[in-house]
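1. missing the sequence, but the structure's below:
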DNA sequence: ATAAATATTTTACGCGCGTAAAATATATGG
DNA sequence: CCATATATTTTACGCGCGTAAAATATTTAT
């Protein structure tokens, strides 16, 4: 019960006693052939376990069922989670998703886009690197292939943009922190990889201004994607230098916050919102593990499901030929109150 | 500067003034054509930005440069990390790796293997689901495609097996824990997804016997891959029922340990090896974030680099035609002492 | 039962490229 | 400058499959 010598559809059709094109039709839609043909083909499949070559199939197809999903870094849990969601939606809708990671490198991003053309995808869902992306290449790609941009907006290209409302994230959590204790200092990377970081900072500044509080932004050094380590070092340094003017820290993202918590722990600072606690720490993103930090981290979670569903549906609609005007959707996150703040 | 109407190598060759097969040769090895031809081709590439279709290329190639990398779950950081390593080795060696995730589902694993045949890979690196895998399908696949099995051994199939020495992991850390304090209880899932869990338990039992200590295994309920949650609930339950006979817990893996730490925190148990601490907790795997738990987690880390390098090299050798007898390599992990134990 | 309408299968060609074998161009030796 | 050896390029065909258009089978109407 495996590939018993049958190497292609030609041979398979021969032993089935049916012409190859009919077999081809069967694989594209089993109901498109006569019942008798179908039964003979299925009997042969059971017997020889034949499967058509998916790449050859797509070679001369008018429209493939392929969908490319591209994210900056699959090892980042946020992207892994959203990519996983998108993948599932594609599968449920009968598409064949393939995932690609740019590894945080614009060169890879361009290469992936080039390779994607070979796949002849019906559509593509991409979270661009952001400011590091080769904008011209991206734009040209969007002209040629139905593409949804998600997470980081890059101009008004593609079918539409879907992402989280990062300004709302920072606004809501700043608001909460201001009302429940000392106003927060904002803790971020000086040169963030993702453009959303800038929106969060700006929104923090706006929210603080609305409250009439003096904002304080601590921008730490660090390159790359090892955010926990960067946050840990930055926090150690900032704590040693007593840089924080209040006892409340809002981190630009959860991974920085995780590093921050570790620094607090090692400096003997008890984190939390209770009487005896020395410092409050909050993050943003709704990272999987924030429920399991010590203490559990207060954060604003992306609405992963809504973002991925909106992006997927928009792509499917475009593939189905619907011509909608370009639009940008930013979905609200949800404040998750835990012990850390 | 993008695809300016040129849709295939035929057209590209025409405007370059060179025959298509020569262009084909160029893309397979730029030095295999006359310098003058090469220059004309490269000028045309600059001008029209043409790239051959990678899937059509592989259609009738004697040997592709494709390598498939298959893991049970890309969202698990251990697999994400090892897959990332493997991917890099493949790229460095001039291969084209493609990553696949079985999503913990044997059906997907079989489907991936089917699709992989369409890719005509030069070789495959796969971490099977383990006991859930369809063994017959796997075995048949290994007969047809040069395959290295890593992480979980399934029979003696494939070119060779490379994994971590899980028995050494549990032995060494049990040894350490016994020497540095009370002997550990073993905390694990009752029905682990990965067969290595059984090796770790057995090795714990052996090590305890060697010391003459009474072993204690706490096997908790829980299905799926949400290990932190499973560990958290199991720990809460076990702590409430005072199931642990000593103050030291060795978790079967780091993700369970992360959940365990959270349970300790919420139960007011201070974790660590200092005088005033109530409990010691250790994990196994060397999960990325164990450095940033509170307290940082003592664990045994996989030698990711050695495992992935050995697996990749073995595959490359097999692809190059070297006929080595089947072998199994288990690479030692490294004890990482931190504050939790 | 027969002609017309409809469903299904075949024929014939194409997709984008690799690759042996044949043809041609360049290099080497005298 | 010509013959032979060698480096390159072309010719011709194949890979595994999709898809219009033509051919055939089946169903429906009369």
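-> Received, thanks. Computed from a predicted structure; not experimentally measured. Numbering: from 1, shown residues only, chains lettered A, B, ... in the order given.
2. Check what pLDDT residue A:321 gets.
-> Per-residue pLDDT puts residue A:321 at 89.
3. Distance-wise, check it relative to residue B:153.
-> Distance from residue A:321 to residue B:153, counting by Cβ to Cβ, to the nearest Å: 50 Å. From N, CA and C alone the C-beta is placed, and that goes for glycine too.
4. Then residue A:38?
-> 41 Å.
5. Comparing residue A:321 and residue B:153, which residue is more hemmed in?
-> residue B:153 (19 against 7; other Cβ atoms under 10 Å in any protein chain shown).
6. Check whether that one sits in a helix, strand or coil.
-> Three-state assignment for residue B:153 (DSSP: H, G, I helix; E, B strand; the rest coil): coil.
7. what's the closest non-adjacent residue to it?
-> Among residues not flanking residue B:153 along the chain, residue B:161 sits closest, at 4.8 Å (Cβ to Cβ, 6 or more residues apart in numbering or on different chains).
8. which neighbours does whichever helix or strand that neighbour is part of have in its sheet, and in what orientation?
-> Taking DSSP states H and E as the criterion, residue B:161 maps to strand B:160-164. Strand B:160-164 has the following strand partners under DSSP bridges: strand B:147-150 (parallel), strand B:327-331 (parallel).
9. after that strand, next one along is what?
-> Taking DSSP H and E, what comes next after strand B:160-164 is helix B:166-180.
10. Now tell me what touches the following helix or strand past that following helix from outside.
-> Note on helix B:166-180: by DSSP H and E, the next helix or strand toward the C-terminus is strand B:185-189. Strand B:185-189 has contacts (Cβ atoms under 8 Å, 6 or more residues apart in numbering or on different chains) with B:197, B:200-201, B:204-205, B:215-222, B:227, B:230-231, B:234-235, B:238, B:243-246, B:248-252, B:256-257, B:260.
11. Remind me what the helix or strand just after strand B:185-189 packs against, helices and strands.
-> Of the helices and strands lying after strand B:185-189 in sequence (DSSP H and E), the nearest is helix B:196-211. Applying 3 or more Cβ pairs under 8 Å, 6 or more residues apart in numbering or on different chains; DSSP states H and E, we find helix B:196-211 packed against helix B:166-180, strand B:185-189, strand B:217-220.
12. Tally up the residues packed near the closest residue to DNA strand C within the stretch 201-341 of chain A, please.
-> Closest residue of the stretch 201-341 of chain A to DNA strand C, Cβ to the nearest atom of the strand: residue A:319 (19.2 Å). If you count neighbours by other Cβ under 10 Å, residue A:319 ends up with 18.
13. can you check residue A:322 too?
-> 10.
14. Now it, what are its backbone angles?
-> Torsion angles at residue A:322 (phi, psi; degrees, to the nearest 10) stand at phi -70, psi 130.
15. what's near enough to touch it?
-> No contacts exist for residue A:322 under Cβ under 8 Å, 6+ apart.
16. For chain A, which segments are assigned as strands?
-> Under the criterion DSSP state E, strands of chain A are mapped to A:66-71, A:96-101, A:123-126, A:147-150, A:160-164, A:185-189, A:217-220, A:248-251, A:280-282, A:299-301, A:327-331, A:334-336.
17. now the angle between helix A:196-211 and the fifth one, please.
-> Orientation note: strand A:160-164 sits at an angle of 60 degrees relative to helix A:196-211 (axes from the mean of the first three to the mean of the last three Cα atoms, to 10 degrees).
18. and strand A:160-164, how far from the chain's centre?
-> Distance, stretch centre to chain centre, for strand A:160-164: 11 Å (Cα atoms, centre = their mean, to the nearest Å).
19. Low-confidence ranges, the stretch 1-150 of chain A, go.
-> A:1-4 (pLDDT under 70).
20. Tell me how far residue A:80 lies from DNA strand D.
-> 32 Å (Cβ to the nearest atom of the strand, to the nearest Å).
21. gap between that residue and chain B?
-> 5 Å (Cβ to the nearest Cβ, to the nearest Å).
22. isn't that residue right up against residue A:69?
-> No - Residue A:80 is not in contact with residue A:69 according to Cβ atoms under 8 Å; the separation is 11.2 Å.
23. dump the residue contacts of the closest residue to residue A:81 other than its chain neighbours.
-> Residue nearest to residue A:81 in three dimensions, not counting chain neighbours: residue A:304, with 5.6 Å by Cβ to Cβ, 6+ apart. Listed by Cβ under 8 Å, 6+ apart, the contact set of residue A:304 reads A:81, A:82, A:85, A:286.
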